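# turn this into a structure:
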Amino acid sequence: MRSSDLQFLFTLWQELADAPAAESDAALHHAMEKLSGHIGARNILWVAGRLYPERKVEHPMLGWVIQDVAYLHDGERLLGLAGEVVSRINEGEEDRSAIAAARLAGRTWSHLRHELVDDEAWRNCWVVNDVLATERIGDRLSGSHSLPGCESHFVLERSRDERPFGPRERDLLHYFLLGSTTFQRELMLSRGLLDAAYPLSARERDVLKLLLTDASEKEIAQQLGIGYRTVHQHAQSIYQKLGVRGRWGLMAKWLRHEV
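Predicted coordinates for the structure are as follows:
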């Protein structure tokens, strides 16, 4: 890597470390924007996976289920396509790239497309032919940060008329992932994918963001345009799912950096 790459990483790590606890979605968008710009990608996709051990034996993904997806660009349209892909993969339809990533679970890694799946598997993959071909995606760079029971994947894309990703870009993504543990931890906590009995619903995530500020439950209700009792019920559900006794326990979980 170049010295400019190291400076980029140090700056990005610091920016993510300084992000408020309630702004994990904004921090994710910032990380995706910076990575895409510095590495040089047409788009970047983030995928969160959670392990369900009871599904491990019979499931092609070894018990890993995709729980959340985000795009940097054109998200509203692409999320529609992604929803179909995620549904098919979670229901057991085999995708060689996803299966290869699942087999690497438990470690933090970054691979060029041909290091993850060979050319023949890539050409014959239904995701490539049904989805990526329509978007004129010619190459991908994938990496994942591993946390207990969940995985945070970043997938950078280039079009057919751009050069493929190379070792420098792969190593830069890898080093970013290695140095981003606190950011990754808060990202997964905010979705109920780490240290949680069940993932958080979309509304619970809205409430959680404000519980991590100094807003009272009544103020949260006003900001979200819902009833106070509804906010209180969501708050109790969040505490139960995350295994904390109340708001102080919630704050303590965010301040505890070990995983």
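# can we go C-alpha only for contacts and neighbour counts from here?
Will do.
# how far away is residue 110 from residue 40?
Residue 110 is 16 Å from residue 40, where distance means C-alpha to C-alpha, to the nearest Å.
# can you check residue 119 too?
In this view, residue 119 and residue 40 are 22 Å apart by C-alpha to C-alpha.
# between those two, which one's more packed in?
residue 40 (16 against 12; other C-alpha atoms under 10 Å).
# residues contacting the more buried one?
By C-alpha atoms under 8 Å, 6 or more residues apart in numbering, the contact set of residue 40 is empty.
# report the mean per-residue pLDDT for stretch 6-19.
The average pLDDT for stretch 6-19 rounds to 94.
# swap in stretch 94-112?
Mean predicted lDDT for stretch 94-112 stands at 91.
# in that stretch, which residues are buried?
94-99, 101-102, 105, 108-112 (16 or more other C-alpha atoms under 10 Å).
# export those residues to JSON lines and tack on secondary structure and distance to residue 9?
What follows is these, written out as JSON lines (DSSP: H, G, I helix; E, B strand; the rest coil; distance: C-alpha to C-alpha, whole Å):
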{"residue": "94", "secondary structure": "coil", "distance to residue 9": "35"}
{"residue": "95", "secondary structure": "coil", "distance to residue 9": "32"}
{"residue": "96", "secondary structure": "helix", "distance to residue 9": "31"}
{"residue": "97", "secondary structure": "helix", "distance to residue 9": "27"}
{"residue": "98", "secondary structure": "helix", "distance to residue 9": "27"}
{"residue": "99", "secondary structure": "helix", "distance to residue 9": "29"}
{"residue": "101", "secondary structure": "helix", "distance to residue 9": "24"}
{"residue": "102", "secondary structure": "helix", "distance to residue 9": "26"}
{"residue": "105", "secondary structure": "coil", "distance to residue 9": "24"}
{"residue": "108", "secondary structure": "coil", "distance to residue 9": "16"}
{"residue": "109", "secondary structure": "strand", "distance to residue 9": "16"}
{"residue": "110", "secondary structure": "strand", "distance to residue 9": "15"}
{"residue": "111", "secondary structure": "strand", "distance to residue 9": "18"}
{"residue": "112", "secondary structure": "strand", "distance to residue 9": "19"}
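# how many neighbours does residue 75 have?
Neighbour number of residue 75 under other C-alpha under 10 Å is 15.
# what does the one 4 residues further on give?
The tally of other residues near residue 79 (other C-alpha under 10 Å) stands at 16.
# any stretches of this structure with poor pLDDT?
Applying pLDDT under 70 to the chain flags residues 256-259.
# now do the helices in it.
Assignment of helices within the chain using DSSP state H yields the ranges 3-18, 24-39, 75-90, 96-103, 113-116, 119-124, 126-127, 167-178, 181-189, 202-211, 217-224, 228-242, 247-255.
# return the most buried member of these.
Burial of the helices of the chain is given as mean neighbour count (mean count of other C-alpha atoms under 10 Å); helix 181-189 ranks first at a mean of 21.
# quick one: contacts of that helix?
Residues contacting helix 181-189 (C-alpha under 8 Å, 6+ apart): 16-17, 21, 24-25, 28, 48, 145, 147, 150, 152, 194-196, 254, 257, 259.
# so residue 176 touches residue 9, yeah?
Yes: the pair residue 176 / residue 9 is scored as a contact, 6.3 Å apart, by C-alpha atoms under 8 Å.
# now the helices of the chain in a markdown table, with distance to residue 55?
Converted to a markdown table, the helices of the chain look like this (distance: least, C-alpha to C-alpha, whole Å):
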| stretch | distance to residue 55 |
| --- | --- |
| helix 3-18 | 34 |
| helix 24-39 | 29 |
| helix 75-90 | 11 |
| helix 96-103 | 13 |
| helix 113-116 | 23 |
| helix 119-124 | 25 |
| helix 126-127 | 23 |
| helix 167-178 | 27 |
| helix 181-189 | 21 |
| helix 202-211 | 24 |
| helix 217-224 | 36 |
| helix 228-242 | 21 |
| helix 247-255 | 28 |
